[in-house]
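Colleague: here is a sequence together with a model predicted from it:
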Amino acid sequence: MLRERVAEDIFVFTSDLYLQVTASAIFTPEGVVVIDTLPFPQETREMLRFIRRYSTSPIRYVILTHHHADHSYGTYLLEGETIAHERCRRILEKDGDRILEADQDLHPELLEVQVRLPETVFERGTLSLHIGRKTITLMHTPGHTSDGVSVYVKEDKVLFAGDLVMPVPYIVGGDRHVMRESLHKLSELAMDNVVQGHGDVLLRGEIPEAIETSLQYLDAIEQQVERRVAKGMPKNTLRRLSIESCHKSRIPLNGLAEELHQANLAHLYDLLSMQKETGVELRA
Ligand SMILES: [Zn+2]
């Protein structure tokens, strides 16, 4: 697990075990705020050991950027109040145990994990926590998932974007139109650092380009897949559509960016094909 300091009292922990997923801790004299957890208990415990070493203050809040397993499976190990979007709680309540059991079959190290439902939720607008002279604002920024939340620390100009910002936008299970809206919303904030849901922390000079190329990427895949569907070209022709031709790079996430890209293309192809057949626009 990689540990990185992005502001005087803000640390980011990046998983070695799963797709460079990130979790973070904000230290204040009135308590610690954790944003997301790591998928495997051993790494969440490692993060927890660091938090205990660094501060004697308790963990006051655990914020979940969305319900996905790779971000939420360590919640049961942490004390403090869990905060998320209302849909996150609804999804975990409905599907959490079923998804966890399927994951436990594949990964025995997850057998001890328990689904923990967020205790505090918000539905519309923003929710701000005022703790230890910091203003920590949660904003509903869906797109990757319907329950996506971004977290902004005003005093440090640090944004925790969850999976809305990744080295390659991932729309499977999400909504590309909504993702565009959320990316536009984020771009209005003053940001010195963006903690992505996966991959390296973005520095001030890198942020506008990362957001701009994410928007360009969404436009490019849509245009390219639409053209192929309109011409009746088979799905396997998508393989030739490289991530670079869509404004992103295959290098991040140890090469898995290309896999995510291909999954986006296949998903969009199915969606647009169905739309062509039925004449009904499907959101995703
Ligand atoms: Zn993720």
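Modeller: Right, received. Where do you want to start? Computed from a predicted structure; not experimentally measured.

Colleague: which residues of this structure fall in strands?
Modeller: Along the chain, the segments classed as strands by DSSP state E run 2-7, 10-14, 22-28, 31-35, 59-63, 81-85, 120-122, 126-131, 134-140, 149-153, 158-162, 193-196, 202-203.

Colleague: from the ion, how far off is Leu253?
Modeller: 11 Å (C-beta to the ion, to the nearest Å). Bear in mind the C-beta positions are built from the backbone N, C-alpha and C, glycine included.

Colleague: next: Glu188.
Modeller: In terms of C-beta to the ion, Glu188 sits 24 Å off from the ion.

Colleague: quick one: residues contacting that residue.
Modeller: By C-beta atoms under 8 Å, 6 or more residues apart in numbering, no residues touch Glu188.

Colleague: again with the one 3 residues further on
Modeller: Shown here is Met191, whose contacts under the criterion C-beta under 8 Å, 6+ apart are Lys157, Val158, Leu159, Arg204, Ile207.

Colleague: where does the residue nearest to the spatial centre of the chain fall, phi/psi-wise?
Modeller: Closest to where the C-alpha atoms of the chain average out (C-alpha atoms, centre = their mean) is Asp163, at 2.0 Å. When read as degrees, to the nearest 10, the backbone of Asp163 gives phi -90, psi 10.

Colleague: make sure it is actually in contact with Gly197.
Modeller: Yes. Taking contacts as C-beta atoms under 8 Å, Asp163 lies within contact range of Gly197: 3.6 Å.

Colleague: between the two, which contacts overlap?
Modeller: Thr65, His71, His144.

Colleague: of all the strands of the chain, which one is nearest the ion?
Modeller: When the strands of the chain are compared by C-beta to the ion, strand 158-162 sits nearest the ion, at 7.6 Å.

Colleague: and the angle from the closest one to strand 134-140?
Modeller: When axes from the mean of the first three to the mean of the last three C-alpha atoms, to 10 degrees is applied, the directions of strand 158-162 and strand 134-140 differ by 30 degrees.

Colleague: tally of neighbours for Val62?
Modeller: 27 (other C-beta atoms under 10 Å).

Colleague: buried stuff in stretch 38-55?
Modeller: Residues Leu38, Pro39, Phe40, Pro41, Glu43, Thr44, Glu46, Met47, Leu48, Ile51, Ser55 are the ones in stretch 38-55 that count as buried (16 or more other C-beta atoms under 10 Å).

Colleague: in terms of pLDDT, where does the fifth one sit?
Modeller: As predicted, Glu43 sits at a pLDDT of 98.

Colleague: how close does it get to Leu110?
Modeller: 12 Å (C-beta to C-beta, to the nearest Å).

Colleague: for the second one, same thing?
Modeller: Pro39 sits 8 Å away from Leu110, going by C-beta to C-beta.

Colleague: mutual contacts of the two, please.
Modeller: Between them, Pro39 and Leu110 share the contacting residues Tyr73, judged by C-beta under 8 Å, 6+ apart.

Colleague: near the ion, which residues of the stretch 101-250 of the chain? Just list them.
Modeller: Asp163, Gly197 (C-beta under 5 Å from the ion).
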